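> okay, here's the prediction I keep looking at, along with the sequence it came from:
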Amino acid sequence: MADIDKKEIWEIYNERPGLFQISLTASQNPPAQQIKHRMIASGKLIRCFPEGFTHRATQNLLGVLYFYNGQFYQAVKTFEKALQLQPDSLTAMANIAFVYQRMKQNTKVTKYQARLAEVKENDQERKGIALAEQAFAFLFDCYMEKDALERNKLPKELFVQSLKMLENCEHHQTMITEIKYWLGQVYLRLFSSCHRRKDMEDIEREYYMKGVKELVEITKIDHSNVKLYIRREVISTSWAFLGLFLIRRGSILDESGNYKRKTIDQMDEKIKALLQDLELVQYLDDPEKCFQIGLEQASTSVTDSEKSCEPRIATELLIRYAIFLKTEERWEEALKELNEALEIDNTEANWFALTVKAEVLDNLGRIDEAIEDRKRAISWNTTSRDICDLAKAYQKKYMSCEDKNSEIAEEFLLNASDCFTRAVQLLRQEKRPEIHCAQGIFLREIGEIKEAIECFKRAVEVDTATKSRISFRHLFESLLFYYRESLDSEKGKIMHEMAYFYDVTSRKHGELTKETEQFLTEYEEEMATLTAYFQHYRQQPSLYSNGKTMSDIITSVVKEDDIEKWRVTVEEKEKYFRSQEETKLAKKKKEVLCSRCKGPVIERQLSVFPDPLEKPRSLKYPYDFYVIFSPTDRDWVCHILLETLEVSYGYKGAIAERDIRPGSTDIYQRVNLIQNCSKILVILSQKFEGNPECDYELSHALKRKHEENLENVLIPILRNVDGLHQSLRTITFLDAVDDCDWNKLINALESKP
């Protein structure tokens, strides 16, 4: 395994053609409806590309989709057809061997594996084609749960390496053109995934420049001397994707604090120099020309027989042109192009046109029509984004009702709630914070503030777009509002949460100047209380960010004219926190006697942890899980883990700090909790190993695992890349370094010990 880790990822796929489907089918298979939609889309691609690289690569992909769907016979027949088109296809041979292996046809497996073994080490041409076919398969595969940036890096690397292997194959120039066409689209996807992320400016520029170069090279091909499908499907559409690159100049903050598109002069100097070298500056000022050139080339027929060919290229160009018009807020024009696209092809293969049309109708205020189009699109291909957009449409209908208690309003409310829930469930491990935010905004609007906060927490947790603070802004505004409206008995816990998320986000993004200014305008008193909380409880140097305390960071945003008043307010709030502590200390010193037995009364202190549930979901144990963690992970356990498992999923957990009875012997109670839970969660970070309490609890957890022969009782959760404990290295852990896979954790909790 160590040798594999040292290799470039493309080298692994170069050595093993067909690893595409092996690596994916070992994971969770995609939903059946997504497979069906991909099959229909693949069929359309095969018709649009009647020959060449894309046709053969799509045949292989279609065979894999049949395999996903459990149709082994159809998969074999499809791979056999791919071998008829290209008898020496490494990908088709590897794929068919894999399917026969699943069907236990070992004789045929041996036959195809022998053919694979005959490939010479220096056969760069066949290996280059195989790499490109695998890149194409990853580009169109159903397994979409990875982060968009990470998901597209692999096909990019495979396409790049395949082009290096094929660069001296002059008889494959048409194939190379097609590969560059798909590579240009991959670069556009990667570039689009970078713009909201922190410290990605150089990589973003690289993707932009490389993508533009690949597409420009294609547009310069003399379209009168190429086959019809290359002119229609590749050259003309390359103009459209080039136009989508050119409209993305980037954005900057204006004087009012809003983002606006950069002018040509404000663009990156290296990008401007490249566009000048490629003679693209004329299109930069008017990107619409790119789409018009593409449409003109696509509609030009050389012979009468070409006029009856598959019209998909016009459809694709019309959709991309509509996307451009949409970014320019030319909604009526965009709708016209989309209607024309749907007139040409009104089948499931043109699903994307219908989703874009629904979005345009939304912006035109034609909500009822948008709802009908979204419902139809979802019936073709169910995606979390489409269901979320449908939910937002129902939300608009509900909010427009004057009588919120009317029957029609209740109907809209129920539909919106149902769609938001389905959208989140469909996400699985796909990271889409905007969907969690949308559900949170909806719940906040209908008065479910606590549930809204949980949605915003999830959005903050999964948000990989580290330049954006939208998720945090929604969460913190909701916490401030909830703090203002809550009872005094709840304020302590809410304040602790506010401090935690402000601290974590400041360390992740840097000082939250713009957001803090907004919070101070609307929630000045609550922000003063937060500042006093930081001053009183979090003054240790270990809690500083860039050498500053959190209270100093907030105070630095206060306007100079208001600073004296602010300091006085914060001092008053801090006095309140001091008086609270003094009151607690006085209560501890003063023994309160019970009126009946005259014994001391032990009062339960308010904890920042969620209140424990009365009953567990387990029928065998009094607790569903026990958590072993070091003090450094206390906030994560409190605000993320327990809030999710106990509040959202209804499990009854146990932690020593909250659930050990006052007056009992601590170490025995810890052991008792470990013995009386269905699962034991071990939160691993750098501070875990060597912590006496953690080592003690873990030793008893391992003892229970071995003595009772419980295979699945221990669930290690890795919070730090260097946190894996020596004694747990043989147990499969859950990776929660960046984001916790709650579906996997729930499945582990539901499994029998």
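It's in. Numbers count the residues shown, from 1 in each chain.
> helix or strand: which one has the closest residue to Phe138 other than its chain neighbours?
Excluding the flanking residues, the one nearest Phe138 by CB to CB, 6 or more residues apart in numbering is Pro155, at 4.5 Å. Every residue, glycine included, has its C-beta placed from N, CA and C. Assigned by DSSP states H and E, Pro155 falls within helix 148-166.
> show me what that helix is packed against.
Helix 148-166 makes packing contacts with helix 9-15, helix 124-140, helix 173-194 when contacts are defined by 3 or more CB pairs under 8 Å, 6 or more residues apart in numbering; DSSP states H and E.
> which of those helices sits closest to Cys388?
helix 173-194 (18.9 Å; CB to CB).
> roughly how far out does the closest one sit from the chain middle?
Going by CA atoms, centre = their mean, to the nearest Å, the spacing between the C-alpha centre of helix 173-194 and its chain's C-alpha centre is 22 Å.
> cool, stretch 425-445 as well?
Counting by CA atoms, centre = their mean, stretch 425-445 is centred 11 Å from the centre of its parent chain.
> and the strands in the stretch 601-750 of the chain?
Shown for the stretch 601-750 of the chain, the strands assigned by DSSP state E, counting those that start in this stretch span residues 623-628, 653-654, 677-684, 714-718, 734-735.
> could the helices and strands packed on helix 148-166 be laid out in CSV, adding mean neighbour count and mean pLDDT?
Converted to CSV, these look like this (neighbours: other CB atoms under 10 Å; pLDDT from 0 to 100):
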stretch, mean neighbour count, mean pLDDT
helix 9-15, 17, 58
helix 124-140, 24, 86
helix 173-194, 21, 91
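> now these in JSON lines, with distance to Met93?
Formatted as JSON lines, the helices and strands packed on helix 148-166 follow (distance: least, CB to CB, whole Å):
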{"stretch": "helix 9-15", "distance to Met93": "15"}
{"stretch": "helix 124-140", "distance to Met93": "9"}
{"stretch": "helix 173-194", "distance to Met93": "19"}
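> of those helices, which is nearest Asn225?
That would be helix 173-194 among the helices and strands packed on helix 148-166, by CB to CB, at 11.2 Å.
> alpha carbons only: can I get the closest one in PDB?
These are the backbone C-alpha positions of helix 173-194, laid out as PDB (Å, rounded to 0.1, in the frame of the first residue of the first chain):
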ATOM      1  CA  GLN A 173      -6.100  14.100 -34.200                       C
ATOM      2  CA  THR A 174      -9.900  13.900 -34.200                       C
ATOM      3  CA  MET A 175      -9.700  11.900 -31.000                       C
ATOM      4  CA  ILE A 176      -7.300  14.400 -29.400                       C
ATOM      5  CA  THR A 177      -9.700  17.200 -30.400                       C
ATOM      6  CA  GLU A 178     -12.600  15.400 -28.600                       C
ATOM      7  CA  ILE A 179     -10.500  14.800 -25.500                       C
ATOM      8  CA  LYS A 180      -9.500  18.500 -25.400                       C
ATOM      9  CA  TYR A 181     -13.200  19.400 -25.700                       C
ATOM     10  CA  TRP A 182     -14.100  17.400 -22.600                       C
ATOM     11  CA  LEU A 183     -10.900  18.600 -20.800                       C
ATOM     12  CA  GLY A 184     -12.000  22.200 -21.400                       C
ATOM     13  CA  GLN A 185     -15.300  21.500 -19.700                       C
ATOM     14  CA  VAL A 186     -13.500  19.900 -16.800                       C
ATOM     15  CA  TYR A 187     -11.400  23.000 -16.400                       C
ATOM     16  CA  LEU A 188     -14.600  25.100 -16.400                       C
ATOM     17  CA  ARG A 189     -16.100  23.000 -13.600                       C
ATOM     18  CA  LEU A 190     -12.900  23.200 -11.600                       C
ATOM     19  CA  PHE A 191     -12.600  27.000 -12.100                       C
ATOM     20  CA  SER A 192     -16.200  27.400 -11.000                       C
ATOM     21  CA  SER A 193     -15.600  25.400  -7.900                       C
ATOM     22  CA  CYS A 194     -12.600  27.500  -6.800                       C
END
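> that older thread, what is the burial count for the residue nearest to Phe138?
A count of neighbours around Pro155, defined by other CB atoms under 10 Å, yields 24.
> list the buried residues for the helix holding Pro155?
Buried residues in helix 148-166, defined by neighbour count with 16 or more other CB atoms under 10 Å: 148-149, 151-163, 165-166.
> helices or strands up against the one helix or strand Glu296 maps to?
Remark: Glu296 resides in helix 288-299, with elements defined by DSSP H and E. With contacts defined as 3+ CB pairs under 8 Å, 6+ apart, the secondary structure elements packing on helix 288-299 are helix 236-246, helix 281-285, helix 312-327.
> how about 10 Å then?
The contact analysis (3 or more CB pairs under 10 Å, 6 or more residues apart in numbering; DSSP states H and E) places helix 288-299 against helix 201-219, helix 236-246, helix 281-285, helix 312-327.
> from these, which stretch is densest packed?
The highest mean neighbour count among the helices and strands packed on helix 288-299 belongs to helix 236-246 (a mean of 25), with neighbours defined as mean count of other CB atoms under 10 Å.
> CA-only coordinates of that one, as CSV, when you get a sec.
Presented in CSV, the C-alpha positions along helix 236-246 are these (Å, rounded to 0.1, in the frame of the first residue of the first chain):
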residue,chain,number,x,y,z
SER,A,236,-19.5,25.2,-32.0
THR,A,237,-20.1,24.2,-28.4
SER,A,238,-16.6,25.1,-27.5
TRP,A,239,-17.5,28.6,-28.4
ALA,A,240,-20.3,28.5,-25.9
PHE,A,241,-18.0,27.2,-23.1
LEU,A,242,-15.5,29.8,-24.0
GLY,A,243,-18.2,32.4,-23.6
LEU,A,244,-18.9,31.1,-20.2
PHE,A,245,-15.3,31.5,-19.2
LEU,A,246,-15.2,35.1,-20.5
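> which other helices and strands contact that helix?
Helices and strands touching helix 236-246, as assessed by 3+ CB pairs under 10 Å, 6+ apart, comprise helix 173-194, helix 201-219, helix 269-277, helix 281-285, helix 288-299, helix 312-327.
> kindly recompute the last result at 6 Å.
Packed against helix 236-246, as judged by 3 or more CB pairs under 6 Å, 6 or more residues apart in numbering; DSSP states H and E, are the following elements: helix 201-219, helix 288-299, helix 312-327.
> any chance of the ones you listed in CSV, with distance to Phe138 too?
Written out in CSV, the entries for the helices and strands packed on helix 236-246 read as follows (distance: least, CB to CB, whole Å):
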stretch, distance to Phe138
helix 201-219, 17
helix 288-299, 26
helix 312-327, 21
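> for Phe476, find the nearest of those.
By CB to CB (comparing all of those), the closest turns out to be helix 201-219, at 26.6 Å.
> pLDDT value on the closest residue to Met103 other than its chain neighbours, please?
With CB to CB, 6+ apart as the criterion, Met103 has its nearest non-adjacent residue at 5.6 Å, and that residue is Phe72. At Phe72, the pLDDT value in this model is 91.
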